[in-house]
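**Q** only geometry, no sequence info:
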């Protein structure tokens, strides 16, 4: 887990898409590149770039081909 990683601009929007519906009785935390593109309007190429960054940082993981899952935002665990 890279706790020093700081998502910027659209990277933050991609991360936010994973967190939507958290704290409700709705499913949350999993997305495909296409669903992120549809939710945010970020181009497909940029979505894939930010997914790679977030995966390399350990904040999300590739659950299976074409499906990603939220792991942790270490900024939320700071005390």
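**A** Done, it's in. Remember, it's a predicted structure, so these values are computed and weren't measured experimentally.
**Q** Sort out which residues of stretch 44-62 are buried, please.
**A** By neighbour count on 16 or more other CB atoms under 10 Å, the buried set for stretch 44-62 is 46, 47, 50, 51, 53, 54, 57, 59, 60. C-beta coordinates here come from the backbone N, C-alpha and C atoms, glycine included.
**Q** Okay, now the unreliable bits of this structure?
**A** Applying pLDDT under 70 to the chain picks out residues 78-79.
**Q** Going along the chain, name the strands of it.
**A** Counting by DSSP state E, one finds strands in the chain at the ranges 30-31, 60-64, 67-70.
**Q** gap between the residue nearest the centre of the chain and residue 54?
**A** Here the mean C-alpha position of the chain is nearest to the C-alpha of residue 15 (CA atoms, centre = their mean), at a distance of 3.4 Å. Going from residue 15 to residue 54 by CB to CB, to the nearest Å gives 6 Å.
**Q** overlap in contacts of these two?
**A** Contact with both residue 15 and residue 54 is made by residues 7, 60, according to CB atoms under 8 Å, 6 or more residues apart in numbering.
**Q** I'd guessed residue 11 sits against residue 54; true?
**A** Yes. With contact defined as CB atoms under 8 Å, residue 11 counts as touching residue 54 (6.9 Å).
**Q** for the longest helix anywhere in the chain, packing partners?
**A** In the chain, ranked by residue count with DSSP state H as the criterion, the top helix is helix 44-57. Taking 3 or more CB pairs under 8 Å, 6 or more residues apart in numbering; DSSP states H and E as contact, the helices and strands that helix 44-57 lies on are helix 9-19, helix 33-40, strand 60-64.
**Q** hmm, try it at 10 Å
**A** Counting contacts by 3 or more CB pairs under 10 Å, 6 or more residues apart in numbering; DSSP states H and E, helix 44-57 is packed against helix 9-19, helix 33-40, strand 60-64, strand 67-70.
**Q** Next, show the common contact partners of residue 11 and residue 54.
**A** In the contact map built from CB atoms under 10 Å, 6 or more residues apart in numbering, the residues linked to both residue 11 and residue 54 are residue 5.
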